[in-house]
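J.: heads up, no residue letters with this:
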């Protein structure tokens, strides 16, 4: 499964690994550990003050 991220205010999405995504969301303290992967797999976007993360469309 692939994931993408976008800086808020930007128009382009960049591919990101799940590990990078978890580091920037859970390890950074924005989400409870163990929640982000499930949200992404269910098709939800994960939002932080600076970025948006989501599952890449096939």
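T.: Great, that's in hand. Just so we're clear, the structure is a prediction, and the values are computed from it rather than from any experiment.

J.: contacting residues for the residue positioned nearest the centre of the chain?
T.: Central residue of the chain (Cα atoms, centre = their mean): residue 53, 2.7 Å from the mean position. Contact analysis of residue 53 by Cβ atoms under 8 Å, 6 or more residues apart in numbering lists 3-5, 16, 21, 24-25, 36, 40, 45-47. C-beta coordinates here come from the backbone N, C-alpha and C atoms, glycine included.

J.: go on, residue 40?
T.: By Cβ under 8 Å, 6+ apart, the neighbours of residue 40 are 3, 18, 21, 46, 53-55.

J.: Which ones among these map onto strands?
T.: Assigned to strands by DSSP state E, the following of the contacts of residue 40 qualify: 3, 46, 53-55.

J.: Any idea what the residue nearest to the centre of the chain is bridged to?
T.: Under DSSP bridges, the beta-bridge partners of residue 53 are residue 5, residue 46.

J.: just to revisit the earlier point, can you redo the ones in strands among the contacts of residue 40 as JSON lines with pLDDT and distance to residue 12?
T.: Converted to JSON lines, the ones in strands among the contacts of residue 40 look like this (pLDDT from 0 to 100; distance: Cβ to Cβ, whole Å):
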{"residue": "3", "pLDDT": "97", "distance to residue 12": "15"}
{"residue": "46", "pLDDT": "98", "distance to residue 12": "18"}
{"residue": "53", "pLDDT": "98", "distance to residue 12": "14"}
{"residue": "54", "pLDDT": "97", "distance to residue 12": "14"}
{"residue": "55", "pLDDT": "96", "distance to residue 12": "17"}
